[in-house]
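In: Just a sequence and a predicted model for now, questions to come.
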Amino acid sequence: MTTPIIRFLLLLIGLGFLAEAALAAPEPRVFGRSTEESYADKAVVIKVGENDLRNSENFRFMRRTLRRADSEGARAVVFDLHTPGGLALETADLMMKEMAELKVPTYAFVNNKAMSAGALIAVATDAIYMKPVSSIGAAAVVAQGGLEIPETMRKKVDSGFGAFVRSVAVAKGHNPAVVEAMMFAGRSYDFGNVKVPEGELLTLTGAEAVAEFDGKPLLAKGLVDSVEDLLQREGLTGLPVVAAKPTGFERIAWWVKVLSPLLIIVGLAAAYFELKTPGFGLGGIIAIISFTIFFFGNNLAGNLAGYELMGLFFLGVILIILEILVLPGMVAGIIGVLLVVGSLLAAMVDDIAAQDFRRGDSGLLDAISWPSISLSIGLAGALAVILVMMRFLPDLPIFRRFILTASSSPTTPADSANTPEDLLIRHTGTSVTDLRPAGKAKIGARIHSVVTRGEFVAAGSHVQVIEVGSFRTVVEKIDKEA
């Protein structure tokens, strides 16, 4: 029968081969450029639909797209807007951190409507074009769910948010007063034929947005029917157009990212089950699949998961195994646990958040807050599942027969009616390693994984089995072997 060390080495080798195959696509995202269609010398169109600004994951996708457009040398980025609005803080991040620093010219095509956050995104572009029948505006910041913000907090939000939006509008050549009229209802505005009474927010039709005011269009540069018309107006006729959209793999990867705590629970519980059962079987296969999906999915989702972190994860698991089976002494185990936990945490950190932290745009807590929550849920869940396994699985007949087969030795009479307790309880042997409290002891002709009730037992001491069950064999030190 295969020893536990060999079985776990097989587990790690199998996991390594599968994960390497999964991540070994040509030029994976974390370690090289994506194999998606290049944005070089093309117009990149980012469609912003009804619900796209209500999902923080879509903002991450847009930020990654803008960085790709910049790094790959796109000729233009067009936001195709048909949205009622969405998340204010994520919109601010997109405007300030990505759109304000983008070297590629950006354009907004108001394809029917750009309300609230959609209007602010349009203001952050270099030029706005609208469909003849379209609208833009009503960009006041509201609490999630449309609730009213308390008066004092409202003043703080309006002051801070308004200042940065005005700065963006000025930098992009838009009239800041028009943007203020869209955001704040505290005063009246007069833009020639367009007047905004006090207490109302400005919303412009396409015709109103292109109307002349103070010698230039009020907000939009022109009316167009399509992205192609917009490009023609900007002198980019014939420029290849590529639509930026998540691939099927990326959509799956986003689900994997959400389900990462569950994958950690399943993977750790399955690895524990593999350690406690003979042969290489179901537990090892499930652990391989779970952690392969975990690293591969987080890699595709735009997180830091990659070869280096997977290597640290493997090294940590090996050190834990060595601590349990070969080198008891706590040091290897502690280092192994830190490597496993650290690699799982880092694998879930969003690459965009990590870049923001390195650039000083955000704090460490912003980068690791969600990964920390996911990891905590995963570890707590895995511990709960393992405790349930320890308590109930040994009492199931199929598992009792499984353990009986593994526990019997050539010197033990073959009696399939006996239980593991009948075979081992009160039997004596010698501790092969220090028991701290876990370790190895030779009982009869076999080496068993054993544990004391907490006391330290030095290697070479005489021990007696006092309990078998819950996936563990408990021993205590005796004065001499019986």
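Out: Alright, I've got the coordinates.
In: to the chain's geometric centre, what's the distance from the longest strand along the chain?
Out: As assigned by DSSP state E, the longest strand anywhere in the chain is strand 106-115. Mean-position distance between strand 106-115 and its chain equals 30 Å (Cα atoms, centre = their mean, to the nearest Å).
In: Identify each buried residue in it, please.
Out: For strand 106-115, burial by neighbour count (16 or more other Cβ atoms under 10 Å) applies to T106, Y107, A108, F109, V110, N111, K113, A114, M115. Placement of C-beta: from N, CA and C, glycine included.
In: Who does that strand pair with, and is each partner parallel or antiparallel?
Out: Strand pairing for strand 106-115, using DSSP bridges, gives strand 76-83 (parallel), strand 127-130 (parallel), strand 135-137 (parallel).
In: How many neighbouring residues does the residue lying closest to T433 once chain neighbours are set aside have?
Out: The shortest distance from T433 to any non-neighbouring residue, by Cβ to Cβ, 6 or more residues apart in numbering, is to G439 (4.1 Å). As a burial measure, G439 scores 24 neighbours (other Cβ atoms under 10 Å).
In: could you point out which element follows the one helix or strand G439 maps to?
Out: Secondary structure assignment for G439, by DSSP states H and E: strand 438-443. Next helix or strand after strand 438-443 toward the C-terminus (DSSP H and E): strand 446-451.
In: for that following strand, packing partners?
Out: strand 438-443, strand 472-477 (3 or more Cβ pairs under 8 Å, 6 or more residues apart in numbering; DSSP states H and E).
In: could I have the first one exported to CSV, CA atoms only?
Out: Taking Å, rounded to 0.1, in the frame of the first residue of the first chain, the C-alpha atoms of strand 438-443 are listed here in CSV:
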residue,chain,number,x,y,z
ALA,A,438,0.8,14.4,16.5
GLY,A,439,3.4,12.1,15.0
LYS,A,440,4.1,8.5,14.2
ALA,A,441,4.1,5.3,16.3
LYS,A,442,4.8,1.7,15.4
ILE,A,443,2.0,-0.5,16.7
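In: Would you mind listing the buried residues in that strand?
Out: Neighbour counts over strand 438-443 (16+ other Cβ under 10 Å) mark A438, G439, K440, A441, I443 as buried.
In: so where is the stretch 151-300 of the chain shaky, pLDDT-wise?
Out: When residues are selected by pLDDT under 70, those of the stretch 151-300 of the chain lie in 151-158, 247-251, 253, 276-281.
In: just the angle between the helix or strand hosting G311 and strand 446-451, please?
Out: Under the criterion of DSSP H and E, G311 resides in helix 307-325. Put simply, helix 307-325 runs at 100 degrees to strand 446-451, going by axes from the mean of the first three to the mean of the last three Cα atoms, to 10 degrees.
In: elements contacting the longest helix seen in the chain?
Out: For the chain, the longest helix by residue count, based on DSSP state H, is helix 364-392. Helix 364-392 sits against helix 260-275, helix 331-347, helix 351-358, with contacts defined as 3+ Cβ pairs under 8 Å, 6+ apart.
In: how does the chain divide into domains?
Out: As given by automatic domain parsing, the domain ranges for the chain are 4-28+247-390, 43-244, 397-477.
In: Could you pull up the mean pLDDT of the longest strand of the chain?
Out: Averaged across strand 106-115, pLDDT comes to 95.
In: One more: stretch 124-136?
Out: Stretch 124-136 comes out with an average pLDDT of 95.
In: Wait, a strand at F161?
Out: No: judged by DSSP: H, G, I helix; E, B strand; the rest coil, F161 forms no part of a strand; its state is helix.
In: Next up, phi/psi of the closest residue to it other than its chain neighbours, please.
Out: Excluding the flanking residues, the one nearest F161 by Cβ to Cβ, 6+ apart is V141, at 5.6 Å. Torsion angles at V141 (phi, psi; degrees, to the nearest 10) stand at phi -80, psi 130.
In: Distance check, V141 against G86.
Out: Distance, V141 to G86, using Cβ to Cβ, to the nearest Å: 12 Å.
In: just to revisit the earlier point, what's the most buried one of the helices and strands packed on helix 364-392?
Out: The highest mean neighbour count among those, using mean count of other Cβ atoms under 10 Å, belongs to helix 260-275: a mean of 22.
In: Show me what counts as buried in the helix or strand just after that helix.
Out: Remark: after helix 260-275, the chain's next helix or strand is helix 282-300, criterion DSSP H and E. Within helix 282-300, the residues scored as buried using 16+ other Cβ under 10 Å are 283-284, 286-300.
In: hey, C-alpha coordinates of helix 282-300 in PDB?
Out: Extracted C-alpha coordinates of helix 282-300, given in PDB (Å, rounded to 0.1, in the frame of the first residue of the first chain):
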ATOM      1  CA  LEU A 282     -11.300  10.600  -4.700                       C
ATOM      2  CA  GLY A 283     -10.000  13.100  -2.200                       C
ATOM      3  CA  GLY A 284      -6.900  13.800  -4.200                       C
ATOM      4  CA  ILE A 285      -8.700  14.100  -7.400                       C
ATOM      5  CA  ILE A 286     -11.200  16.600  -6.000                       C
ATOM      6  CA  ALA A 287      -8.400  18.600  -4.400                       C
ATOM      7  CA  ILE A 288      -6.500  18.700  -7.700                       C
ATOM      8  CA  ILE A 289      -9.600  19.900  -9.600                       C
ATOM      9  CA  SER A 290     -10.600  22.500  -6.900                       C
ATOM     10  CA  PHE A 291      -7.200  24.300  -6.700                       C
ATOM     11  CA  THR A 292      -6.700  24.100 -10.400                       C
ATOM     12  CA  ILE A 293     -10.000  25.900 -11.000                       C
ATOM     13  CA  PHE A 294      -9.100  28.300  -8.200                       C
ATOM     14  CA  PHE A 295      -5.800  29.400  -9.700                       C
ATOM     15  CA  PHE A 296      -6.800  29.300 -13.300                       C
ATOM     16  CA  GLY A 297     -10.100  31.100 -12.700                       C
ATOM     17  CA  ASN A 298      -8.500  33.900 -10.700                       C
ATOM     18  CA  ASN A 299      -5.800  34.300 -13.300                       C
ATOM     19  CA  LEU A 300      -8.400  34.800 -16.100                       C
END
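In: Please state the offset of that helix from the chain centre?
Out: In terms of Cα atoms, centre = their mean, the centre of helix 282-300 is set 14 Å apart from its chain centre.
In: same check, this time on stretch 96-116
Out: That offset, for stretch 96-116, works out to 26 Å (Cα atoms, centre = their mean).
In: so how far does that stretch reach from one end to the other?
Out: From its first residue to its last, stretch 96-116 covers 17 Å (Cα to Cα, to the nearest Å).
In: Check stretch 273-287 too.
Out: End-to-end distance of stretch 273-287: 9 Å, with Cα to Cα as the criterion.
In: In JSON lines, list the helices and strands packed on helix 364-392 along with distance to L383.
Out: Formatted as JSON lines, the helices and strands packed on helix 364-392 follow (distance: least, Cβ to Cβ, whole Å):
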{"stretch": "helix 260-275", "distance to L383": "8"}
{"stretch": "helix 331-347", "distance to L383": "13"}
{"stretch": "helix 351-358", "distance to L383": "27"}
